[in-house]
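> Structure for the following, please:
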Amino acid sequence: MTMNRPLSSGERALIFFGNLCITPLLGLILYLVWKDQSPLKAQQTCTLTLISLAVWLVLYGALFVLGVLGSLVGSS
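Numbers count the residues shown, from 1 in each chain. Here you go, the predicted structure:
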């Protein structure tokens, strides 16, 4: 039985913040679970996962750069 209804706003928020905290692996798992029984949810989950992956990469990239800069300044 296919239930092709969109994600609610609560589900969207939970998936987005779950992806930020648990890495985008959560989104991949949810996509694989929902891809056959609810394709619309699976597509929206994939989109949210890609957005949160971009945010995740920017945040961790910034932390890496700040760490490198901090070690350079601290060693002077």
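
> hey, let's count contacts and neighbours off CA atoms from now on
Noted.

> Buried ones in the stretch of helix or strand Gly61 belongs to, by neighbour count?
Using DSSP states H and E, Gly61 sits in helix 39-74. For helix 39-74, burial by neighbour count (16 or more other C-alpha atoms under 10 Å) applies to 39-46, 48-50, 52-53, 56.

> between those residues, which is closest to Ser71?
Trp56 (22.5 Å; C-alpha to C-alpha).

> doesn't Leu20 make contact with the closest one?
Yes: judged on C-alpha atoms under 8 Å, Trp56 makes contact with Leu20 at a distance of 6.1 Å.

> Nearest to Ala13 among the buried residues of helix 39-74?
Leu48 (9.2 Å).

> Now do that closest one, the pLDDT please.
With respect to pLDDT, Leu48 scores 89.

> Provide a list of residues in contact with it.
Arg12, Ile15, Phe16, Gly27 (C-alpha atoms under 8 Å, 6 or more residues apart in numbering).

> same thing but at 6 Å, please
Leu48 makes contact with Phe16, according to C-alpha atoms under 6 Å, 6 or more residues apart in numbering.

> again, but for Phe17
Counting by C-alpha under 6 Å, 6+ apart, Phe17 has no contacts.

> separation between it and Ser71?
Phe17 is 30 Å from Ser71, where distance means C-alpha to C-alpha, to the nearest Å.

> could you give the angle of the lowest-mean-pLDDT helix or strand in the chain to helix 39-74?
One helix or strand of the chain scores below all others by mean pLDDT, DSSP states H and E: helix 9-22, with a mean of 83. Taking axes from the mean of the first three to the mean of the last three C-alpha atoms, to 10 degrees, helix 9-22 and helix 39-74 form an angle of 40 degrees between their directions.
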